[in-house]
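**Q** Take this sequence and fold it.
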Amino acid sequence: MENNPIASFFDKLAEIIDNKELIKLVVSNQKNKSSGLHSIIVTIAQLKRGYRLNFVYRHATRDITKNFEFAEGMKLLKSALATDFNDANLFSNHENVMLVTTPSGKVKISIHEPTLQPVTEFHHDRIKSRLINTIGNIYLRELGITNANWEVRREMSDKYKQINRYIELMEPEIRELTLPTDYHVVDMGSGQGYLTFALYDFLSNSLGKTAIMTGVEFREDLVKSCNLIAEKSKFDQLNFISGAIENVVLNNIDILIALHACDTATDDAIYRGIRSNASLIVCAPCCHKQIRKELNVTNQLNNIVKYGILKERLAELITDTIRAMILEAYGYKTKVFEFISTEHTPKNVMIVGRKTGTGNPSKEKIFSEIKAIREIFGIEKHYLEEMLRRDA
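**A** Below you'll find the predicted structure:
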């Protein structure tokens, strides 16, 4: 088998697929580390027109799913391993088969005992593995996401997907952090607490990193109901308090989250995170009224702002660009990406800043670039920039 490990691997894969014993195949370890495609996950799907190989192409911010006939799917997998990926992990009912490329370039194949539950039925809508489990999860039931039998309610399926997508995005960011034992997570504008509870659950029960966690919400009725749910769920280190983002009294903040905080409330949250020297700042901005009102375009770009919808989108683009640049100026490695499909929520841009240093040597250059952007669009001030300038 070692004489031609790749050929042996595909012979084994073909046999397992023909016998309908494939649980999943994961093709990973990019040859080109800058590629946007991180991995390919393959399972068997039973469609009306017969069995197909279901490919999930996993990118950093989205998944693309396609179905192929077995022969075509095998060709695509061979091509992927030849040009895009180094490794393949095959999980079947009776054995696991691993194809690995060593740092020296040598390809090795190994066979192990099965580790996953055998699959006997294949359905296109088979339940996807989720990071947040439903069984016995009291807060999901109390929030109305699951019923008394711990099944996701049909009308709440989008919310459940959103919760899991949020945790998928947060997991790698949190794993890269070096945090104190008693680290403090603050969720600004926690609302009904869907994502606050889910993150606390994941940190405590999946990562084993129980945090001191505070949800900040202006509406006292929501604060009261969330604290009752936290008590029922035995989430002892999770607490909700009433207050406004800009002036609520808090101790140190290690991770700051502000999802869908309206207009300049997002800036207030980022400001609190920067001033607390938070290790991680995560925002999903909502509304962008401040910059929209400031726009005063007198150059050739004025045709954009003639149309209300385009003016609104331009305000969003400028506002969040400046927020990301400011985070970079204060020593944060920053990413801006789509949080979840607009099918589930129209407010789907996420800004993530992870602290990498005490500051940025190009800080003044970044602020001069921000000033240039403002001048192009006739913007007198950006709310977050003004607050930080006053401090300076």
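**Q** and I270, what helix or strand is that in?
**A** If you go by DSSP states H and E, I270 is part of helix 264-275.
**Q** same thing with I351?
**A** Applying DSSP H and E, one finds I351 within strand 349-355.
**Q** go on, R313?
**A** R313 belongs to helix 308-329 when assigned by DSSP H and E.
**Q** again, but for R58
**A** Going by DSSP H and E, R58 is part of strand 50-59.
**Q** Which helix or strand lies directly C-terminal to that strand?
**A** Next helix or strand after strand 50-59 toward the C-terminus (DSSP H and E): strand 63-68.
**Q** Keeping just the C-alphas, turn that next one into CSV.
**A** Extracted as CSV, the C-alpha positions of strand 63-68 are listed here (Å, rounded to 0.1, in the frame of the first residue of the first chain):
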residue,chain,number,x,y,z
ASP,A,63,-19.7,27.7,3.0
ILE,A,64,-20.7,26.6,-0.6
THR,A,65,-22.5,23.3,-1.0
LYS,A,66,-22.7,21.3,-4.2
ASN,A,67,-23.8,17.8,-5.1
PHE,A,68,-22.0,15.6,-7.7
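**Q** And that strand, what does it pack against?
**A** Helices and strands touching strand 63-68, by 3 or more C-beta pairs under 8 Å, 6 or more residues apart in numbering; DSSP states H and E, are strand 50-59. (C-beta placed from N, C-alpha, C; glycine too.)
**Q** The strand it packs on: how far from the chain's middle?
**A** Computed by C-alpha atoms, centre = their mean, to the nearest Å, the chain-centroid distance of strand 50-59 equals 22 Å.
**Q** Can you spell out the domain ranges of the protein, please?
**A** What automatic domain parsing lists as the domains of the chain is 5-112, 138-391.
**Q** Quick one: end-to-end length of the shortest one, please.
**A** Same thing as domain 5-112. Start-to-end span of domain 5-112 (C-alpha to C-alpha, to the nearest Å) is 15 Å.
**Q** Tell me how many other residues crowd V97.
**A** 19 (other C-beta atoms under 10 Å).
**Q** same question, I257
**A** 28.
**Q** before we move on, what about G378?
**A** 15.
**Q** Test my guess that it contacts K293.
**A** No - if you go by C-beta atoms under 8 Å, G378 and K293 don't touch, sitting 11.5 Å apart.
**Q** quick revisit: just the residues contacting the helix holding I270, thanks.
**A** The set of residues external to helix 264-275 that reach it, using C-beta atoms under 8 Å, 6 or more residues apart in numbering, is 186, 188-189, 245-246, 250, 253, 256, 258, 261, 281, 283, 285-286, 289-290, 323, 326-327, 330, 353, 383-384, 387-388, 391.
**Q** pLDDT wise, what is I23 at?
**A** In this model, I23 is scored at 89, pLDDT.
**Q** Let me see the contact set for it.
**A** Neighbour list for I23: 43, 91-93, 116-119 [criterion: C-beta under 8 Å, 6+ apart].
**Q** Tell me the secondary structure at it.
**A** What DSSP: H, G, I helix; E, B strand; the rest coil gives for I23 is strand.
**Q** The closest residue to it other than its chain neighbours sits in which helix or strand?
**A** Nearest non-adjacent residue to I23, counting by C-beta to C-beta, 6 or more residues apart in numbering: F91, 4.4 Å away. With elements taken from DSSP H and E, the one containing F91 is strand 85-92.
**Q** so how far is that strand off the chain centroid?
**A** 24 Å.
**Q** Kindly report the same for stretch 86-98.
**A** The answer for stretch 86-98 is 27 Å, by C-alpha atoms, centre = their mean.
**Q** With stretch 155-167 instead?
**A** With C-alpha atoms, centre = their mean, you get 12 Å for stretch 155-167.
**Q** So which bits of the host helix or strand of E173 are buried?
**A** Using DSSP H and E, E173 sits within helix 157-175. By 16 or more other C-beta atoms under 10 Å, the buried positions in helix 157-175 come out as 159-167, 169-171, 173-174.
**Q** Also stretch 238-246?
**A** 238, 240-241, 243, 245.
**Q** what about the helices in the stretch 1-150 of the chain?
**A** 5-18, 70-83, 138-142 (DSSP state H, counting those that start in this stretch).
**Q** Would you mark the buried spots in the shortest one?
**A** Going back to what we said before, that points to helix 138-142. 138-142.
**Q** Just the pLDDT at the residue most central in space within the chain, thanks.
**A** The residue lying closest to the centre of the chain (C-alpha atoms, centre = their mean) is L169, at 2.0 Å. pLDDT for L169: 88.
**Q** One more: Y383?
**A** Y383 is assigned 92 on the pLDDT scale.
**Q** swap in L301?
**A** pLDDT, L301: 87.
**Q** How about the contacts made by it?
**A** By C-beta under 8 Å, 6+ apart, the contact list for L301 reads 376-377.
**Q** how about it, phi and psi?
**A** Per-residue torsions, L301: phi -80, psi 0 (degrees, to the nearest 10).
**Q** Now for F91, how many residues are close by?
**A** 22.
**Q** Please report the distance of F91 from L207.
**A** 24 Å (C-beta to C-beta, to the nearest Å).
**Q** same deal with K78?
**A** Separation of K78 from L207 (C-beta to C-beta): 37 Å.
**Q** higher neighbour count, these two?
**A** For K78 and L207, the more surrounded residue by other C-beta under 10 Å is K78, and the numbers stand at 15 against 12.
**Q** Check what pLDDT the closest residue to that one other than its chain neighbours gets.
**A** Distances taken as C-beta to C-beta, 6+ apart place F10 nearest to K78, at 6.5 Å, with adjacent residues excluded. Looking at F10, its pLDDT reads 94.
**Q** from the buried residues of stretch 238-246, which single one is nearest Q300?
**A** Proximity to Q300 was ranked across those by C-beta to C-beta; first place goes to I245, at 37.7 Å.
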